[in-house]
Structures are given as structure tokens and as C-alpha cells.
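Engineer: generate coordinates for the sequence data below:
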Amino acid sequence: MNKTFRIIILLLVATVLSSLSYAQDDPYAGIPMSRAEDGAFVLGNPEASVKIIEFSDFLCPHCQEYKATIDVFIAEYVATGQAQFEYRMYPIIDPNISAFTAGLVECADIQSEGLFWNAHDVMFELISTTQFGQETITQFADTLNLDEDTLVECATTATQVLTDSTLGNNLGITGTPSVAVQYDDSEPILLSLPSSDQFNAILNASRPTVADPVTIESGRYEGIQTYRTDDGGIVLGNPDAPLTLIAFEDFMCPHCQAYQPTIHSFVEEYVATGQAQFEYRFYPLVNPEFSMLTSQVAECVALQDLSKFWDAHDLLFDFASSGEIDDEVASIIAMLAGVDADSVVECVDTSIQPLIDLQLGRNAQVTGTPGIRARNAEGQVDILYSGQQSLASGGIPIEALRALADGSGEIVIGQPEPTLLNNNWLDDDSILTSEPCGVPCWQNITPGETALSDAITTVEQLVNATILDEGANGFTFSIETEEVCCQIGSQDGSVVNTIFLQLAPTNTLGELIENHGEPNFVTGEPFTDSEYIMTLFYADLNLAVYVIVDGADGQLSEESPMISVIYTDDELMTNVVESGTLQAWDGFLTYNDYMGS
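Structural biologist: Modelled structure (predicted):
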């Protein structure tokens, strides 16, 4: 064999060995690769009935860490044909760079079909070790033997990331990494981020099969219907009831245990009478040993006989509150609830409803238990509010739940639109009565005349007045409540030049005109869709008055409520009038009439 021929043989052998080595090192070798109908990248047996879907961002540190868990899942379940894995690109860390990195990985597959998964790994590896930049792009292209310029050009127009983001938004993804499971052709269900030892339960999950409501035949809830939502939530009450109260609870949580009498009262008063539904969601957080187990036990009772769930629910709270929960809880609760104990014990390891409920709760901003949420009809799960105050944490008193169910308006679902009609502001009609002094004087404080120090002394002497914030150029204060209502200002720190009073909406524009005549000028600005502010200027009185109209087409009228007044000195009012931004008063017109539509 001559030397040249021997070198050729050696090179061929090296090439073959290199190829074999690459195939052996390639974690995706031999795993079917495909694209979903909308283009998503999928690994695994197309006939597998379970698919895990990850929404991830290459820039996300937690996604980089979670990749090790996903790698275990792929090796143990996808490579063995038991499941599929679908990767969805969800740019959240940096809207531009995150989307661009996703585009680079997609385009690697466009340049060389089947390269996506190796490109996915390379991108994660590069970004986890160095900050993304031009060098990252070059290394990415060189590692995969791709043309860098073509790759970059393609990445700027790649579209799969938009498709994936839309799906994530529709599912309610709020962060990365996020994981969903899809069984056969059902809709994907979001899960609390599973650990590697939970994937077996997910693949072999015990899932609800009863679709129609069943009627509970005995016990506390006798005669009330119960059913399961599409994602497995367990609901008590008439499915047509307009209101659903939702409790995210942990059987091991002492506060949840103490809250049960309130829940029972709500059920008796509103659920049993058909006015509302009550939905229970597992939120196991408190006890590492038993919180998840007790949730799984309750779920397994429901899977065997949904009508027995609520008895098991009450039993678990009773046992937990008396310290009687132990490793035998599954058998004991099953026996007392009247279902097969062996089946419940066997089911526990494949119960995943708590993972679904945990993710739903996190999306609903539940940070502890009990977490009370609600929804109207088919609306979204949301926080309850009393005015602008969130009731996001802890149990909500029965009085507030009654107000919600009765529709009094005191408690509402979702943050209400802010309003300038605030009865907690200053209840003061001195602008109408001229007591103890006339406009622009208030409480014997007159802009352009009264020293700031004297104004402070005057306010301090008012009944129930509290100065809240004092500085070189003025101070704020409240009267009767802790809420700021008023501010007195001084441009030079010596003499008062403005008095600003936020008023309770008890005085009207008609009363103002009756006492001071029509204003000289008007301007306006939107506050919310339903409240627009119209500011009326009395140039000769150094007075500006804010009134509210109902939206852009709402018309000023004698009944329009006054919500604020500003008294000024001569100089400030002159400057405002001469600014040329005000409209001449022309009667009771709309915002659009004065300001243009």
C-alpha cells in the first residue's frame, strides 16, 4: 500500500469515526423530529398521546437552569417513545434580543433541516457562559458550520417566534420557563413547573372523566350540584349561577382551616340557593410532607366519585386542624368518604391536578393561602377589590362576600376604573358660602398675602386637620381622614401663592354659577373613558374649579359635580390666562365641543 493511498484510507476512517462519535454524542440521534401544524418544533414519537410543551427564552437564566430537567425528560420519556416534547420560543427578557436569538435558532433549521435541536442547545450553552453580542452570533454560526450573513439576514424576518408568542399569550403565559401538557388532541393545560420526578405522574396522569354535573345525595352539601371545569377545577353549585367564588387553599394551612366557617356560610347562603358557585383549587404550599399529599388524596376521591369530594374536603380540613394527618391519610379519608381505599392510594402518585391549580393561582397572583378570587359567568379569574383597595391576600370576611354576591358595588371583581368622585375628600362649601372669607381666601389664608408660616399655623389649628408632608415650598394635609386632600404652595417659600383643595362631590356647577356667575374660560382633559375633567377659570377671582362630565360627549350641566378648586395669586392667574391655551366660556357644552373631538 503506497503512502498516498494509506493517507486517504486514514482520512476516510477518521471521518467515519468522527461521524460515529457525533451520532453517539448527539442526544437527539434517532428521535423523530417534526413540525406542528403552526410550525412549532417537536421531538418524539408522533403517536405518543402526551406532549410536554415548554415556553422558553434563550436569554432567561431560569430557562437555562431548567434545561437540565428537560434533558432528563427527553432522555427518559421522549427518546423512549413515551411522549413528545414541543419547544415554543417566548421572548420575555429583552423583546428585541430574545426574539433575535430565537430567530437565529429557527434559521439554523431553515439552512440545514433537522438542525434546530442542536442549534437550541448551542444557543443555550453560548448565552449561559457569555453576554449575547456579535461574538455570540459568530460562534453560533461557526459551531454549526452555517453561513453567518445568511443566518443573520434570515433571523431578522423569522416568524415562528411570533406564532409561539401568540399561543403563549392565549394560554396566559406570564413568565419563562412555563410548561403545559397536552393529552391527545385536547387543549394544552398549564402546569406549575414540574420537577424531573413528576414527569411520570404527568404522563400517566389520572384525569377527570365526568363532564356532566352530579347531585350530592347526602351530608352538608346534599342536593347541591358539583362538576369539574375544563381544566379540572372542582365546582359546587348551579352551573348557570352568574358568580363563582374561587378559593386557592392548602389543607395544612392553619389560616385556611380557620376560614372554613366563612366558606360554609357562603355556601349555605348563596351556593345552596343557586345564586353563586364555589370553586376549590389545590394550592399546596405550607407543609412539605403533607400539603401535596392531602391535595392528591382529595383529588383521587373526586376522580373515583365526584359527589364524595366535598365530604373528603371537609374531613381533610378537620383532620389537619386537629393534627391527625399522617402517612395513612389516603386510606383513612377514602374509608370515611365511602370510596375504595386501595384505588385512592394507587391514584395518589398519578394525581396532577395540584400542578394545574398551582399554575392557575400564580397567574392569578396568589402568593399565599387562603387566596380568594372570583369570576363572573365565563369571565377571567380575578382579584376582588373594595374601591381601589385590593383584597388579594388572605381570607375575605363574609360581609364582603355578601356584598359581592348581592351586587351592592362595594366589592367588585377586578380593579375598578379609578374615579375622581371621592367622598373621603374635603367636605367644604366655603366657596359657596364665603365663610369665613370670600374667594380666593380660604380659612383666612389668601394667596399673594398670607405668609407660608402663618398658613401652616392656621391649618394646624383646624379641627381634625393633619399636616402630612411639609417642605420649603409648601405642605400637604388631610382633614378628618388619613387621605391627602389639600395642598398649599409657595413659589418663593415665603408667601402663599396657591391653595389646592380636593373636594367631596357635594357641590355642583349650578351652585357655583349661582354664587359667582359664569366663568370666563374653560379647558379640559380626559381622566378615564367615563370621567373627563373640565376646568373653569374665573380670572377676576383668581379661581379655577374642576368639574366632572361623563366622557368626551358628556355635557356640562347645573348638576355637574365640583371635585377640586385652586385659589391663586394675581401673577399666576395672569400667566395662565395669557398662555393662550384656554377656550372662552360658551355655556353648558360637552368636552368635545370645547376641546374638539
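Engineer: quick one: the helices in the stretch 351-500 of the chain?
Structural biologist: In the stretch 351-500 of the chain, the segments counted as helices under DSSP state H, counting those that start in this stretch are 353-363, 398-406, 430-433, 452-460.
Engineer: distance between the last one and the chain's centre?
Structural biologist: So that's helix 452-460. Relative to its chain's centre, helix 452-460 lies at 45 Å (CA atoms, centre = their mean, to the nearest Å).
Engineer: tell me which residues of it are tucked away?
Structural biologist: Using 16 or more other CB atoms under 10 Å as the test for burial, helix 452-460 gives 452, 455, 456, 458, 459. C-beta: built from backbone N, CA, C; applies to glycine.
Engineer: if we can go back for a sec, single out the most deeply packed of the helices of the stretch 351-500 of the chain.
Structural biologist: Compared across the helices of the stretch 351-500 of the chain, helix 353-363 shows the largest average neighbour count, a mean of 23 (mean count of other CB atoms under 10 Å).
Engineer: hmm, who's touching that one?
Structural biologist: Applying CB atoms under 8 Å, 6 or more residues apart in numbering, the contact partners of helix 353-363 are 172, 174, 178, 189-192, 194, 198, 202, 231-233, 248, 281-284, 292, 295-296, 299, 371, 381.
Engineer: pLDDT weak spots in the chain?
Structural biologist: When residues are selected by pLDDT under 70, those of the chain lie in 1-24, 210, 597.
Engineer: okay, now the domains of it?
Structural biologist: 31-203, 214-413, 430-595 (automatic domain parsing).
Engineer: just the helices from the stretch 1-150 of the chain, written as ranges.
Structural biologist: Under DSSP H, counting those that start in this stretch, the stretch 1-150 of the chain gives helices at 3-25, 61-73, 95-111, 116-129, 134-143, 148-155.
Engineer: quick one, which of those is nearest to residue 254?
Structural biologist: Residue 254 sits nearest to helix 61-73 of all the helices of the stretch 1-150 of the chain, at 31.1 Å, using CB to CB.
Engineer: what's the closest one packed up against?
Structural biologist: Counting contacts by 3 or more CB pairs under 8 Å, 6 or more residues apart in numbering; DSSP states H and E, helix 61-73 packs against strand 50-56, helix 116-129.
Engineer: flag every buried residue along it.
Structural biologist: Going by neighbour count (16+ other CB under 10 Å), the buried part of helix 61-73 is 63, 64, 66, 67, 69, 70, 73.
Engineer: in three-state terms, label the nearest residue to residue 529 once chain neighbours are set aside for me.
Structural biologist: Leaving aside its chain neighbours, residue 529 sits nearest to residue 551 (6.3 Å; criterion: CB to CB, 6 or more residues apart in numbering). Look at residue 551: counting by DSSP: H, G, I helix; E, B strand; the rest coil, its state is coil.
Engineer: quick revisit: now the contacts of helix 353-363: which count as buried?
Structural biologist: Buried residues within the contacts of helix 353-363, counting neighbours by 16+ other CB under 10 Å: 178, 189-192, 194, 198, 202, 232-233, 248, 281-284, 292, 295-296, 299, 371, 381.
Engineer: so which of the residues you listed belong to strands?
Structural biologist: 178, 189, 190, 191, 248, 281, 282, 371 (DSSP state E).
Engineer: on that earlier part again, tell me which of the helices and strands packed on helix 61-73 sits nearest to residue 303.
Structural biologist: strand 50-56 (17.6 Å).
Engineer: torsion angles phi and psi at the residue nearest to residue 529?
Structural biologist: phi 80, psi -180 (degrees, to the nearest 10).
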